[in-house]
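Participant: Fold the following and give me the result.
(one chain, ligands or ions: 2)
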Amino acid sequence: LVSRKNKSEDTVIDIKGEKVGAGELTHVFGPCSVESYEQVKEVAQAVKKQGGKLLRGGAYKPRTSPYDFQGLGEEGLKILKRVADEEGLAVISEIVNPADIEKAVEYIDVIQIGARNMQNFELLKAAGSVKKPVLLKRGMSATISEFINAAEYIISRGNDQIILCERGIRTYEKATRNTLDISAVPILKQETHLPVLVDVTHSTGRRDLLLPAAKAAIAIGADGIMAEVHPDPAVALSDSAQQMDIPTFENFIKEINKQQPVK
Ligand code: PEP
Ligand code: MN
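Facilitator: Numbers count the residues shown, from 1 in each chain. Ligands and ions are numbered 1, 2, ... in the order given. Got it, this is the predicted structure:
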């Protein structure tokens, strides 16, 4: 059902009036983790000032170590909703437990399924059963075909509001946290009718590579960029090495706004 052979026109996802995949670029910015109301508010105001409509923030954090910050859970979703309502933004947040999907849709506008859960089939089925857009990230060891099949799980349950997100894959290369598989973007655009975003934060894991990676993603036909922004990355509770502070973010927007989407 996600195949171009089945539907030739591009799927456009309407998130509170922001149309993803309609030809204009749609970017998603926000902190890695929701840490406090004040932190989310500061980033939200910066995003809004730059004309952004979509705010991200993790409440349920899938961390490699159980001793690392695990996220604020439902409290984090409440903070996101409060800030989104105050600032007129839409929010995207990762859900890791199928049982949390129904509750989460009351707080968030887009359900994110993270790389580690791309083949959590019960979670995919649960996300397929609600009427909410889903941002599905590519698993770090998933082939493009497996990624497309994961989207198929969602659409086959009745939810066709799916945004694909390339976020880098594991290779032998150690210079970056993951290897951004840039060619996945045109392949996904050719093989499916879904919008495709590129997460430059988790693919590179390096602040100095965010801008060149974003430029490459736009040049190759991505529908938008995801990147992490924090008021003070040095003290961030997760992904401190690659989040942008607000002045860096403002420059990032200025630079990527020079680029036009590729049709
Ligand atoms: C995230 O976007 O917060 C995240 C954890 O990313 P990924 O699932 O791609 O690692
Ligand atoms: Mn992160």
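Participant: Give me the buried stretch members for stretch 13-32, please.
Facilitator: By 16 or more other CB atoms under 10 Å, the buried positions in stretch 13-32 come out as 13, 15, 18, 20-22, 25-32. Glycine gets a C-beta too; all of them are placed from N, C-alpha and C.
Participant: Quick one: end-to-end distance for it.
Facilitator: End-to-end distance for stretch 13-32: 23 Å, by CA to CA, to the nearest Å.
Participant: Also stretch 179-189?
Facilitator: Note: stretch 179-189 ends 19 Å apart using CA to CA.
Participant: Tell me if that stretch is near ligand 1.
Facilitator: No: with CB under 6 Å from any ligand atom as the criterion, ligand 1 is not reached by stretch 179-189; the gap is at least 11.6 Å.
Participant: what's in contact with that stretch?
Facilitator: 138, 144, 147-148, 164, 166, 168-171, 173, 194, 196, 198, 200, 203-204, 213, 216-217, 220-222 (CB atoms under 8 Å, 6 or more residues apart in numbering).
Participant: ok so, going back, with the buried residues of stretch 13-32 in mind, which one is nearest to Gly51?
Facilitator: Taking CB to CB as the measure, Gly51 lies nearest His27 of those, at 9.2 Å.
Participant: For the residue of the stretch 1-150 of the chain found nearest ligand 2, which non-adjacent residue is closest in space?
Facilitator: Relative to ligand 2, the nearest point of the stretch 1-150 of the chain is Cys32 (3.2 Å; CB to the ion). Counting by CB to CB, 6 or more residues apart in numbering, Asp239 is the residue found nearest to Cys32 once chain neighbours are left out, at 4.0 Å.
Participant: Enumerate every residue touching that neighbour.
Facilitator: With CB under 8 Å, 6+ apart, Asp239 has these contacts: Cys32, Ser33, Thr201, His202, Glu228.
Participant: what do you get for Ala84?
Facilitator: Ala44, Leu55, Ala90, Val91, Asp109.
Participant: and if we set it to 10 Å?
Facilitator: Neighbouring residues of Ala84 by CB atoms under 10 Å, 6 or more residues apart in numbering: Lys16, Val40, Ala44, Leu54, Leu55, Gly57, Ala90, Val91, Ile92, Tyr107, Ile108, Asp109.
Participant: Just the local confidence number for the fourth one, please.
Facilitator: In this model, Leu54 is scored at 98, pLDDT.
Participant: Touching, it and Glu18? I think so.
Facilitator: Yes: Leu54 is within contact range of Glu18, at 6.2 Å (criterion: CB atoms under 10 Å).
Participant: Mind listing the shared neighbours of those two?
Facilitator: Thr26, His27, Val28, Leu89, Ala90, Asp109, Gly224.
Participant: list the contacts for the residue of the stretch 1-150 of the chain closest to ligand 2?
Facilitator: Neighbours of Cys32 in contact, by CB under 10 Å, 6+ apart: 56-58, 61, 69, 71, 201-202, 228-230, 233, 236-240, 242-243.
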